[in-house]
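> sequence and predicted structure below; questions after.
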Amino acid sequence: MSIEVRIPTILRTYTGGEKAVEAKGDTLAALIDDLDSRYAGIKGRLITEDGGLHRFVNIYVNDEDVRFLGALETPVKDGDSVTVLPAVAGG
Amino acid sequence: MLTLSQALLDQVLAHARRDHPDECCGVIAGKDGAATRVIPMENAERSPTGFSFESGEWLRVYRAVDDADEDLLAVYHSHTATEAYPSRTDVLWAQHNEFAHWLLVSTRSDDDEVRSYTISDGVVTEEPVEVV
């Protein structure tokens, strides 16, 4: 089982410069754990210490923002695509 | 230095006036460091004091720029009651974004006020806006 995860430029320091990597898991949380096992530190940029989705990133499963799906409990399966983007805001 | 044509700058200024009294936001795409087009975005906050990109629109724009072999050169937004200088919130978010340039417009008066900055590791540096 393999899911493509697209990584934005700002996080490619963790993936050795790779734009897209493969990961496994039944949920987004499990997928991120799997990513972190090979790209140490990336989890800390995606998930807060309280275990929530970081507000500075958007994560999409098949182009749907996971905040409107099940957040970190969003189920994922073989063939799905996951995209990470920096969220953009200011004041 | 941020270099762009008068036509592109006019699009940014017009967007800022259109959305006033709320802040406007958008991106400027570029190729080889030169601005190619302005992409106005929806301010999901619809607020006079803040902005955020609507996540679905942002994904579509990010892909379209990538597919056209362009870069996201700059993010722009307006301040509607204060000067065109990055707020603390802007500096915080800049640390998590990829934009080489932050273009700010102020719509607090009828005079156009537009300034550009680089924001790196929390340090704001003003740079010239060159209109060509």
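Everything's here; your move. If you're wondering where the values come from, they're calculated on a predicted model, not measured in any experiment.
> pLDDT weak spots in the chain?
Assuming you mean chain A. A:1 (pLDDT under 70).
> around chain B, pick out the residues from it.
Residues of chain A lying near chain B by C-beta under 8 Å from any C-beta of the partner chain: A:8-10, A:56-58, A:60, A:63, A:65, A:67, A:83, A:85-91. From N, CA and C alone the C-beta is placed, and that goes for glycine too.
> among the residues you listed, name the buried ones.
The neighbour count (16 or more other C-beta atoms under 10 Å in any protein chain shown) marks A:8, A:10, A:56-58, A:60, A:65, A:83, A:85-91 as buried among the residues of chain A next to chain B.
> which members of the residues you listed are the farthest-apart pair?
Using C-beta to C-beta, the two most remote members of these are A:Thr83 and A:Gly91, lying 26.0 Å apart.
> can you give me the strands for chain B?
B:2-4, B:25-31, B:34-41, B:51-52, B:71-79, B:101-106, B:113-120, B:123-127, B:129-131 (DSSP state E).
> pull the number of nearby residues for B:Leu103.
27 (other C-beta atoms under 10 Å in any protein chain shown).
> could you list the contact residues of chain B toward chain A?
Residues of chain B lying near chain A (C-beta under 8 Å from any C-beta): B:25, B:45, B:49-53, B:55-56, B:58-59, B:62, B:75, B:77, B:86-90, B:93-94, B:96-98.
> among those residues, which lie within helices?
Of these, the ones assigned to helices by DSSP state H are B:55-56, B:58-59, B:62, B:88-90, B:93-94.
> quickly list what B:Glu130 is bridged to.
B:Thr3 (DSSP bridges).
> and the gap between it and chain A?
Distance, B:Glu130 to chain A, using C-beta to the nearest C-beta, to the nearest Å: 23 Å.
> nearest spatial neighbour of A:Val88, skipping sequence neighbours?
Once flanking residues are discounted, A:Val88 sits nearest to B:Phe53: 4.3 Å by C-beta to C-beta, 6 or more residues apart in numbering or on different chains.
> quick check on the ones in helices among the residues of chain B next to chain A: which are buried?
B:55-56, B:58-59, B:62, B:90, B:93-94.
> would you map the strands across chain A?
A:3-6, A:20-23, A:57-61, A:64-65, A:81-86, A:89-90.
> kindly reformat those as a markdown table containing distance to B:Val132.
Listed next are these as a markdown table, based on distance: least, C-beta to C-beta, whole Å:
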| stretch | distance to B:Val132 |
| --- | --- |
| strand A:3-6 | 34 |
| strand A:20-23 | 36 |
| strand A:57-61 | 34 |
| strand A:64-65 | 38 |
| strand A:81-86 | 29 |
| strand A:89-90 | 27 |
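> who are the packing partners of the biggest helix by length in chain A?
Ranked by residue count, the top helix of chain A under DSSP H comes out as helix A:28-38. Applying 3 or more C-beta pairs under 8 Å, 6 or more residues apart in numbering or on different chains; DSSP states H and E, one finds that helix A:28-38 contacts strand A:3-6, strand A:20-23, helix A:42-46.
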